[in-house]
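[1] no FASTA, just this:
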């Protein structure tokens, strides 16, 4: 029989371990958000290549917009 995964308890006696545990949870959530944004960006880029002007990519238009605003 397989042993199940045990989570760290939410209330830890060691403040360093509690901080590190919380930091890892926040980092995982941020990475998940970034991965979803990359997926959305690539879908938008793919849709852009099939429509209006395939010579101007979404990344190029965004960089031009950022450079113009500076």
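    Ah, there it is. From a predicted model like this one, the values you see are computed outputs, not experimental measurements.
[2] give me the low-pLDDT residue ranges for the protein?
    1, 5, 10, 48-58, 69-70 (pLDDT under 70).
[3] where's the residue positioned nearest the centre of the chain, which helix or strand?
    Among the residues of the chain, the smallest C-alpha distance to the mean C-alpha position (C-alpha atoms, centre = their mean) belongs to residue 34, namely 1.1 Å. Applying DSSP states H and E as the criterion places residue 34 in helix 15-50.
[4] please apply the same query to residue 4.
    Following DSSP H and E, one finds residue 4 outside all helices and strands.
[5] counting by contacts, list what the helix holding residue 34 packs against.
    With contacts defined as 3 or more C-beta pairs under 8 Å, 6 or more residues apart in numbering; DSSP states H and E, helix 15-50 has these neighbours: helix 58-69. Quick note: C-beta positions are derived from backbone N, CA and C, even for glycine.
[6] for the helix it packs on, packing partners?
    helix 15-50.
[7] and the angle from the helix it packs on to helix 58-69?
    Computed by axes from the mean of the first three to the mean of the last three C-alpha atoms, to 10 degrees, the angle separating helix 15-50 from helix 58-69 equals 100 degrees.
[8] tally of neighbours for the residue lying closest to residue 18 once chain neighbours are set aside?
    Computed as C-beta to C-beta, 6 or more residues apart in numbering, the closest residue to residue 18 that is not its neighbour in sequence is residue 12, at 4.2 Å. Residue 12 has 14 neighbouring residues, counting by other C-beta atoms under 10 Å.
[9] what secondary structure does residue 12 sit in?
    On the three-state scheme (DSSP: H, G, I helix; E, B strand; the rest coil), residue 12 is labelled coil.
[10] ok, residue 17 to residue 29 distance?
    To residue 29, residue 17 is 19 Å away according to C-beta to C-beta, to the nearest Å.
[11] oops, could you answer that again for residue 2 instead?
    For residue 2, the distance to residue 29 (C-beta to C-beta) stands at 27 Å.
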